[in-house]
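A.B. asks: Predicted model, plus sequence, below.
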Amino acid sequence: MKTKAWYVKAPFEFELREGELGEIRDDEVLIRVKACGICGTDMTSAKMTAKEWEAIGHEISGVVVRKGARVSHVEEGSSVTLETSTYCRTCELCRDGRYDLCNKGPSFWGRDFSMGFAEYIVAPMEVVVPFEGLSFAVASLVEPLGVAVDLTEVVDIRMGDDVLVVGLGPIGLMALRLAKLRGARKIYAAARSHSVKRIETALAFGADEIIYTDKTPLDTYEFERGGVDRVLVTAPPATIPSTFKAARTGGVIGYIGIEFGPGATIAFDANEFHFKKLQLRASHATPALFFPKCIELLRSGAVDGDALVTHTFGLEGFADAMKELRDDRGSAIKMVMVNE
């Protein structure tokens, strides 16, 4: 069948193409895309990494149109969201119980003509997760919420911890909310003062204090207890060294993000890191996990998805939305394509 799908090529070139989807296999599902969110990695692809034309979009929710003969956990008409990657179940890591380190399982990346910013997509059954009780726009947040859950799991926030969140994009805001739900005593949120909408949402999600980093550098900020127990970094890696100074002795810093070029390299005082007994932990949410938990967090209202979806647009408006987000990130949190 035919579908329209957006393609991107750096720097910031976009094409809406029409092409054929292949026949689904016995272990695949044809999905009508109902919503797809713009992720920071989509912006990175558009800015620099998409050297050749490529389909784009991975924060997806939709409706099952057809399913293969081996697919039994969803039916035609089921509302579903898609994991971006899965574990293979047969490698040594999986068999040793570390499936969280394997992303060799089936995926929809590069499977066919389209990705998420399209009318239809074909996906392997392993990544298709049914849901109920959410709008499609909010359901598109399940994938990035899983990333935020992974970050808070890696950092291991405990009841009574003081927590610093650096970077108030969608993942940072969701991680902040999760820190509150995990019993953090006090939450500091660091952002530039122009990010008004994101700062308002951080306060609504449970932040106790805002650090305006364009006015007060993190390494000079006076924390109530001299520092924090846990740091969640969803900002560029250049911010990491300043978080070492913000951390108390024994503090744990979690980082999620991708940087290219000189900005990917940081330098810090190894003696300070050593004598404060700090830990720096990487969060990289592949394979995608925690989808049932994330669906329930959104459905129950524990994480307010509607507060995060600040802009919606139709399929035809994708290129304009990408440019708007590039030029004015302070007033937007999550932009979501919604197909009627």
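C.D. replies: Looks like it arrived, so ask away.
A.B. asks: Give me the residue at the spatial middle of this protein.
C.D. replies: Note on the chain: the residue nearest the mean C-alpha position is P144, at 2.9 Å, using C-alpha atoms, centre = their mean.
A.B. asks: Could you give the bridge partners of the residue nearest to A282 when sequence neighbours are not counted?
C.D. replies: Leaving aside its sequence neighbours, A282 sits nearest to Y255 (C-beta to C-beta, 6 or more residues apart in numbering; 6.0 Å). To be clear about C-beta, it is placed using only N, CA and C from the backbone, and glycine gets the same treatment. Under the criterion DSSP bridges, Y255 forms beta bridges with V233, A282.
A.B. asks: hmm, back to that, next, the contact list for the residue nearest to the centre of the chain, please.
C.D. replies: Taking C-beta atoms under 8 Å, 6 or more residues apart in numbering, we find P144 in contact with G37, C39, E59, P170, I171, M174, K334.
A.B. asks: Could you pick out which of these are located in strands?
C.D. replies: Secondary structure of the contacts of P144 is defined by DSSP state E; positions in strands are G37, E59, K334.
A.B. asks: want to try JSON lines for those, with distance to F291 as columns?
C.D. replies: Supplementary listing: the ones in strands among the contacts of P144 in JSON lines, determined by distance: C-beta to C-beta, whole Å:
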{"residue": "G37", "distance to F291": "15"}
{"residue": "E59", "distance to F291": "12"}
{"residue": "K334", "distance to F291": "18"}
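A.B. asks: pLDDT, neighbour count and distance to A204 added to these, as TSV?
C.D. replies: Formatted as TSV, the entries for these read as follows, by pLDDT from 0 to 100; neighbours: other C-beta atoms under 10 Å; distance: C-beta to C-beta, whole Å:
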residue	pLDDT	neighbour count	distance to A204
G37	98	28	20
E59	98	28	22
K334	97	26	15
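A.B. asks: rewinding a little: name the nearest of the contacts of P144 relative to G317.
C.D. replies: For those, the minimum distance to G317 (C-beta to C-beta) is 13.9 Å, reached by G37.
A.B. asks: What distance do you get for that closest one to M174?
C.D. replies: With distances taken as C-beta to C-beta, to the nearest Å, G37 is found 12 Å from M174.
A.B. asks: shared neighbours of these two, anything?
C.D. replies: With the criterion set as C-beta under 8 Å, 6+ apart, the overlap between the contacts of G37 and M174 is L141, P144.
A.B. asks: For the stretch 1-150 of the chain, just list every one of the strands.
C.D. replies: For the stretch 1-150 of the chain, the strands identified by DSSP state E, counting those that start in this stretch occupy 2-9, 13-20, 28-37, 54-55, 59-67, 79-82, 120-124, 128-130, in order along the chain.
A.B. asks: can you tell which of those is closest to F136?
C.D. replies: Comparison of the strands of the stretch 1-150 of the chain against F136 by C-beta to C-beta identifies strand 28-37 as nearest, at 3.8 Å.
A.B. asks: Quick check: can you list the domain ranges of the protein?
C.D. replies: Domain segmentation of the chain under automatic domain parsing yields 2-130+304-338, 145-282.
A.B. asks: can you give me the helices for the chain?
C.D. replies: Here the chain has its helices, by DSSP state H, at 40-44, 92-95, 136-139, 142-155, 170-181, 196-205, 240-246, 270-275, 291-300, 305-308, 318-327.
A.B. asks: can you put those in CSV and add mean pLDDT and distance to M125?
C.D. replies: Conversion of the helices of the chain to CSV gives the following (pLDDT from 0 to 100; distance: least, C-beta to C-beta, whole Å):
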stretch, mean pLDDT, distance to M125
helix 40-44, 93, 24
helix 92-95, 97, 18
helix 136-139, 98, 18
helix 142-155, 98, 17
helix 170-181, 98, 27
helix 196-205, 96, 34
helix 240-246, 96, 39
helix 270-275, 97, 45
helix 291-300, 98, 14
helix 305-308, 98, 25
helix 318-327, 94, 27
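A.B. asks: among these, which is nearest M115?
C.D. replies: Nearest to M115 among the helices of the chain is helix 40-44; the distance by C-beta to C-beta comes to 9.6 Å.
A.B. asks: which residues are contacting the closest one?
C.D. replies: V8, I56, G57, H58, G169, I171, I258, F260, M322, L325, R326.
A.B. asks: Flag every buried residue along it.
C.D. replies: Residues of helix 40-44 classed as buried by neighbour count (16 or more other C-beta atoms under 10 Å): G40, D42, M43, T44.
A.B. asks: mean confidence for stretch 65-77?
C.D. replies: Along stretch 65-77, the predicted local confidence has a mean pLDDT of 98.
A.B. asks: Now do stretch 104-120, average pLDDT.
C.D. replies: Summarised as a single mean, pLDDT over stretch 104-120 is 94.
A.B. asks: change the start of the numbering to 38 and stick with it
C.D. replies: In the new count, where the first residue is 38, that last one comes out as stretch 141-157.
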